[in-house]
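Asker: Task: produce atomic coordinates for the following.
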Amino acid sequence: RARALALLEREGVCIFGGLVREEVLREVREALEPTLLKLAAKLEESGQRLSEEVKEEFGLVRAPPVGDGKTNVHFDEYESDEHAAMERLARESQFERIVSTYTGRETTLYEAGCSITTPGGEGMEWHRDGTEGEVTVLMALSDVSEDQGVVGVIPGSHKDAKLEKLEEDELTEKDDHKAVWYAYRGGAPMMIDARTQHSVKNNVSGETRCILWYIYN
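Answerer: Numbers count the residues shown, from 1 in each chain. Below is the predicted model:
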C-alpha cells in the first residue's frame, strides 16, 4: 500500500488491485448491478430522462444527465439498499483511511453515486474534479471493455494545477503520449487526486457502462 500511495503522490492517480475483497465485491455487485441495468433500460426507453415515479421506485434522490446517453444516479443515503451497499464497499475497503493518509489530514465521504452510460453514450472531455485535498475514487463492479469507454489520465497533471478544463487543442497528437488509458477491471478502484486531468471515451459498444464514484474531502 505504501508503494501505491507513493505512486498516487507522484502521478496523481493509482489503481489499487486487490484492495476490495472478493466476497464484498460479489455481494455489492449482486445488490447494485441489477438495479443499475434496470435503470439503464428505463433511460433508453424514456429518452435519457427518468420520471419522478421511476426515481421514487428505485430510491433515487437525483438523476441528472451529464452528457448524451450519460446519467449520474444518486441513491437515497438513508433508505436505499443500493447506497448502503456502496457505503459498505467503501468502508470495508478502507477508502477513507487511504485518502486521509494521502492528503495528510482527516477526510470524509462527501458524495457518492453511479455513472450510467448507455450504448452510444458520450464520454467526458478532459477536466479536473476539484482542488487540493480532494480525491475521487472510481470503480467498476465488472470488467469494462475498451469499446465501452476507457478512462484516460495525464500523470503528474495534479502538480501546480488550477481548477480549469483542459481545452482539446492543448492535447495534440504530439502530446498524446502524456495520456494513459485504462479499461476498468471489476473490483479494482482507481483513486485520482481531484486536480489530475482525466477524461472518458465514448461508449461505442452495445453494452451499458456502470461506474461507481466517491468524492472525499
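
Asker: Can you report how many residues neighbour residue 42?
Answerer: Counted with other CB atoms under 10 Å, residues neighbouring residue 42 total 20. Any C-beta I mention is one placed from the backbone N, CA and C, and that applies to glycine too.

Asker: Can I take it that it is in a strand?
Answerer: No. Counting by DSSP: H, G, I helix; E, B strand; the rest coil, residue 42 falls outside a strand, being helix.

Asker: residue contacts, it?
Answerer: 50, 54 (CB atoms under 8 Å, 6 or more residues apart in numbering).

Asker: Then residue 74?
Answerer: Neighbouring residues of residue 74 by CB under 8 Å, 6+ apart: 60, 61, 62, 63, 111, 112, 113.

Asker: Not counting sequence-adjacent ones, nearest residue to the first one?
Answerer: Closest residue to residue 60 in three dimensions, ignoring its sequence neighbours and counting by CB to CB, 6 or more residues apart in numbering: residue 73, at 5.6 Å.

Asker: shouldn't that neighbour be in contact with residue 37?
Answerer: No. With contact defined as CB atoms under 8 Å, residue 73 does not reach residue 37; the gap is 12.0 Å.

Asker: quick one, which of the two is more surrounded?
Answerer: The residue with more neighbours, out of residue 73 and residue 37, is residue 73; 24 against 14, by other CB under 10 Å.

Asker: Quick check: bridge partners of that one?
Answerer: Counting by DSSP bridges, residue 73 forms beta bridges with residue 114.

Asker: Give me the distance between it and residue 144.
Answerer: Per CB to CB, to the nearest Å, residue 73 is found 17 Å from residue 144.

Asker: Could you identify the helix or strand that succeeds the worst-scoring helix or strand of the chain on mean pLDDT?
Answerer: Within the chain, no helix or strand scores below strand 124-127, which has a mean of 87 by mean pLDDT, DSSP states H and E. Downstream of strand 124-127, the next assigned helix or strand under DSSP states H and E is strand 135-139.
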